[in-house]
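**Student:** Mind folding the following:
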Amino acid sequence: MKHWELEINGEHIRAEWNEAATFNMQSPIGGQWVDYHCFTVYGIESEQEALEYIMQEIQEQLEEDTSLWEEEALEQ
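**Tutor:** This is a model prediction of the structure:
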């Protein structure tokens, strides 16, 4: 297992990769890392490529969260 600890928008998260195809995005809860999102990507050949997929996934999550907040503001 490989993992990277990151700070994104003030939040501390950890991305874990099983060195094959599975990723777990984790946040610290009660002193332990807890999965909040998992995804799979096949054909990864290096740690650098894995990290690029992690960053892409984080970017997509941030865009989705922004869209959600914009929709809620429009409804009010």
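
**Student:** Mind checking the pLDDT average for the helix or strand encompassing Q59?
**Tutor:** Following DSSP states H and E, one finds Q59 within helix 47-75. For helix 47-75, mean pLDDT rounds to 78.

**Student:** Same question for stretch 10-18.
**Tutor:** Stretch 10-18 comes out at a mean pLDDT of 94.

**Student:** what does it rub up against?
**Tutor:** With C-beta atoms under 8 Å, 6 or more residues apart in numbering as the contact definition, stretch 10-18 has outside contacts at 1-7, 23-28, 33, 44, 47, 50-51, 54, 58. C-beta here means a position set from N, CA and C on the backbone, and glycine is covered the same way.

**Student:** Can you list the buried residues in it?
**Tutor:** 13-17 (16 or more other C-beta atoms under 10 Å).

**Student:** Which residues are in contact with I44?
**Tutor:** 17, 20-21, 50, 53.

**Student:** Which pLDDT value belongs to it?
**Tutor:** pLDDT, read off for I44, is 97.

**Student:** Could you pull up the contacting residues of S46?
**Tutor:** Counted by C-beta under 8 Å, 6+ apart, S46 has zero contacts.

**Student:** now it: how far from H37?
**Tutor:** To H37, S46 is 22 Å away according to C-beta to C-beta, to the nearest Å.

**Student:** For stretch 36-53, what is the distance to the chain centroid?
**Tutor:** In terms of C-alpha atoms, centre = their mean, to the nearest Å, the centre of stretch 36-53 is found 10 Å from the chain centre.
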